[in-house]
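**Q** Sequence and predicted structure below; questions after.
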Amino acid sequence: MVNRRIEEILRSGEPDDSLLVQGWVRTKRELKGFAFIEVNDGSSLANLQVVINEDVPEYDVILKKVNTGAAVEVAGVLVASQGKGQRIELKAETVKVYGEADPEVYPLQKKRHSFEFLRTIGHLRSRTNSFGAVFRVRNACSTAIHNFFQERGFLWVHTPIITASDCEGAGEMFSVTSLDLKNIPRTDNQAVDYSKDFFGKPAYLTVSGQLEAEVMAMAFSNVYTFGPTFRAENSNTSRHLAEFWMVEPEMAFCDLNGDMDLAEAFLKYIFKYVLEKCPEDMEFFNQRIDNSVLATAENIINNQFERLTYTDAIKLLEKADFKFEYPVSWGLDLQSEHERYLAEQLFKKPVIVTDYPAQIKAFYMRLNDDEKTVRAMDILAPKIGEIVGGSQREERLDVLERRVLAQGMKLEDLWWYLDLRRFGSVPHAGFGLGFERLVQFMTGMGNIRDVIPFPRTPENVEF
């Protein structure tokens with residue numbers, strides 16, 4: 001007897017097929033002489049209906065055990081379904097219960113649960129329709145990311161999670177230490193003596209793999225990272241996580257225009273792939289979570305992104321017939337409300353803003369000839385604001401050294417990064433995309449904690 005996934009059965013199963021199904025019971029309905037159970041194995045939003053007749057061995061015992069949440073294995077034959085909304089159902093010949101779930105205490109019953117409540121049972125919430133759909137879409141997004149870059153000859157590189165460098169210069173990093181916190185070694189001036197620590201110097205969880213990706217791009221031309229990053233930013237909001245995944249391509253012999261072209265093609269590819277691979281899940285989000293999800297995806301796929309400079313964006317915002325909470329002025333960073341106004345109200349499609357003031361951007365971004373702006377770019381999307389941030393990197397050693405010092409950093413701490421500009425330097429560019437922001441944007445989920453299996457946020461490290 002063939003063991004098959006429910007998604008495949010619902011798609012291509014035919015009456016008289018003998019098969020084996022393993023999964024978890026979603027619902028049970030008892031009638032005289034038989035019962036219906038809905039079984040789900042995570043492969044599909046839809047369940048497979050199983051009919052258990054009283055001639056099934058140990059029928060009475062089985063019926064007491066197959067409650068919502070129970071893990072079961074059903075062997076049987078597919079038959080044409082007489083009910084509405086389903087083409088086929090499985091007529092059980094044998095039912096094995098692997099693990100029971102007491103209906104008096106099992107927290108997931110046949111009713112709607114709030115996302116806030118489901119976060120408190122993160123070990124079980126993946127069994128719900130909403131989270132099953134989220135994590136299938138997340139999986140499809142991951143696959144699409146790798147496909148996009150692999151089809152274009154990029155090398156996937158694994159950058160370190162433990163690092164001594166602060167790529168963003170923000171200082172919001174988690175420290176990594178093997179020191180005994182009850183007996184911290186001190187220097188003569190009472191500073192922490194990091195020479196006694198595991199690495200002999202301060203070490204942190206990475207906020208970005210970009211600097212290391214630049215190293216690899218100087219040997220392999222086109223590379224990308226896709227892995228976990230960390231921010232010790234005490235932001236208890238619906239848009240922030242302390243641990244999240246980042247996608248960061250880096251391209252040698254590439255300028256800002258090439259960077260923008262790749263980022264736009266990348267987003268279009270991801271959305272198109274997910275719509276093709278997860279149509280039922282995306283339709284679920286459109287019906288149950290946000291009725292603009294499918295329209296937003298089509299907007300991404302079918303529109304050429306608007307491109308304008310930061311200076312022009314500021315002029316448009318200053319002229320806007322709209323009352324912003326935060327001030328608009330050249331030299332200030334754009335807030336989410338400004339970004340969303342540009343993408344949602346003004347252009348009604350994704351917008352790429354370029355050439356930001358140097359003072360509000362990172363040291364590694366290429367300085368323009370005006371000495372005031374850098375070759376940076378952000379992609380702003382309707383409903384979420386910034387979704388991609390990137391730049392052409394500064395390939396000129398003297399300018400980079402000046403920028404490092406201007407931001408209060410030490411040249412010796414970045415000796416290896418500066419070496420890239422000494423030996424075979426080339427124009428290069430890249431961008432970063434917060435993976436959870438992408439999944440949140442794609443699904444319409446209101447809180448970023450609901451698009452990662454085990455969210456890490458201030459005062460929350462459960463599961």
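**A** Nice, I can see it. Numbering: from 1, shown residues only.
**Q** any low-confidence regions in this protein?
**A** For the chain, residues meeting the criterion pLDDT under 70 lie at 166-171.
**Q** Which stretches in it count as helices?
**A** Under the criterion DSSP state H, the chain contains helices at 6-12, 59-65, 115-119, 129-151, 210-220, 256-277, 279-288, 293-302, 310-319, 336-340, 397-406, 415-422, 435-443.
**Q** so of the ones you listed, which one's packed in deepest?
**A** Ranked by average neighbour count under the criterion mean count of other C-beta atoms under 10 Å, the helices of the chain are headed by helix 435-443 at a mean of 24. From N, CA and C alone the C-beta is placed, and that goes for glycine too.
**Q** need the strands for the stretch 51-200 of the chain, in chain order.
**A** 71-80, 88-99, 155-156, 162-163, 175-176 (DSSP state E, counting those that start in this stretch).
**Q** Let me have these in a markdown table, extended by distance to residue 249 and mean neighbour count.
**A** As requested, the strands of the stretch 51-200 of the chain are arranged in a markdown table below (distance: least, C-beta to C-beta, whole Å; neighbours: other C-beta atoms under 10 Å):
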| stretch | distance to residue 249 | mean neighbour count |
| --- | --- | --- |
| strand 71-80 | 41 | 18 |
| strand 88-99 | 43 | 18 |
| strand 155-156 | 10 | 14 |
| strand 162-163 | 19 | 15 |
| strand 175-176 | 26 | 15 |
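**Q** Of all these, which one comes closest to residue 278?
**A** The stretch from those with the least distance to residue 278 (C-beta to C-beta) is strand 88-99; that distance is 21.7 Å.
**Q** Just the C-alpha atoms of the closest one, please, in CSV.
**A** Coordinates of the C-alpha atoms in strand 88-99 are reproduced here as CSV (Å, rounded to 0.1, in the frame of the first residue of the first chain):
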residue,chain,number,x,y,z
ILE,A,88,-12.7,12.1,-3.3
GLU,A,89,-12.5,10.7,0.2
LEU,A,90,-10.7,7.8,1.9
LYS,A,91,-12.7,4.8,3.0
ALA,A,92,-10.7,3.4,5.9
GLU,A,93,-9.9,-0.3,6.2
THR,A,94,-7.6,0.1,9.2
VAL,A,95,-6.9,3.0,11.5
LYS,A,96,-3.9,3.2,13.8
VAL,A,97,-3.7,6.0,16.5
TYR,A,98,0.0,6.9,17.2
GLY,A,99,-0.7,9.6,19.7
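**Q** Next, the contact list for residue 427, please.
**A** Applying C-beta atoms under 8 Å, 6 or more residues apart in numbering, we find residue 427 in contact with 252-255, 366, 392-393, 395.
**Q** Buried ones among these?
**A** The neighbour-count test (16 or more other C-beta atoms under 10 Å) marks 252, 254, 366, 392-393, 395 as buried among the contacts of residue 427.
**Q** with those residues in mind, which one is nearest to residue 165?
**A** Proximity of the buried ones among the contacts of residue 427 to residue 165 was ranked by C-beta to C-beta; the top entry is residue 393 with 14.8 Å.
**Q** Could you report the distance from the closest one to residue 308?
**A** When distances are taken as C-beta to C-beta, to the nearest Å, residue 393 and residue 308 turn out to be 22 Å apart.
**Q** go on, residue 41?
**A** From residue 41 over to residue 308 the distance is 48 Å, taken as C-beta to C-beta.
**Q** Same question for residue 2.
**A** Separation of residue 2 from residue 308 (C-beta to C-beta): 57 Å.
**Q** cool, and residue 210?
**A** The span separating residue 210 from residue 308 equals 25 Å under the rule C-beta to C-beta.
**Q** Over to residue 381?
**A** Here residue 381 is placed at a distance of 15 Å from residue 308 (C-beta to C-beta).
**Q** Mind checking which of the two has more residues around it?
**A** Each of residue 381 and residue 308 has its neighbours counted (other C-beta atoms under 10 Å); residue 381 has more, 24 against 17.
**Q** Tell me how many other residues surround the spatially closest residue to that one that is not a sequence neighbour.
**A** For residue 381, the nearest residue in space outside its immediate sequence neighbours is residue 387; the separation is 4.6 Å by C-beta to C-beta, 6 or more residues apart in numbering. Close neighbours of residue 387, defined as other C-beta under 10 Å, add up to 23.
**Q** what's residue 387 in contact with, if anything?
**A** The contact partners of residue 387, taken as C-beta under 8 Å, 6+ apart, are 267, 379-381, 433-434, 437-438, 441.
**Q** Residues contacting stretch 368-380, please?
**A** Outside of stretch 368-380, the residues within contact range by C-beta under 8 Å, 6+ apart are 255-256, 259-260, 263-264, 267, 305, 310-311, 334, 339-340, 342-343, 350-358, 361, 365-367, 386-392, 429, 431.
**Q** got the buried residues for it?
**A** Neighbour counts using 16+ other C-beta under 10 Å place 368, 373-380 of stretch 368-380 among the buried residues.
**Q** Now tabulate the residues you listed in a markdown table and tack on distance to residue 445.
**A** Output for those, formatted as a markdown table (distance: C-beta to C-beta, whole Å):
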| residue | distance to residue 445 |
| --- | --- |
| 368 | 38 |
| 373 | 35 |
| 374 | 33 |
| 375 | 33 |
| 376 | 28 |
| 377 | 26 |
| 378 | 22 |
| 379 | 20 |
| 380 | 19 |
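**Q** Narrow those to those in strands?
**A** Counting by DSSP state E, the members of those that fall within strands are 373-380.
**Q** Next up, the contacts around residue 99.
**A** Taking C-beta under 8 Å, 6+ apart as the definition of contact, the neighbours of residue 99 are 70-71.
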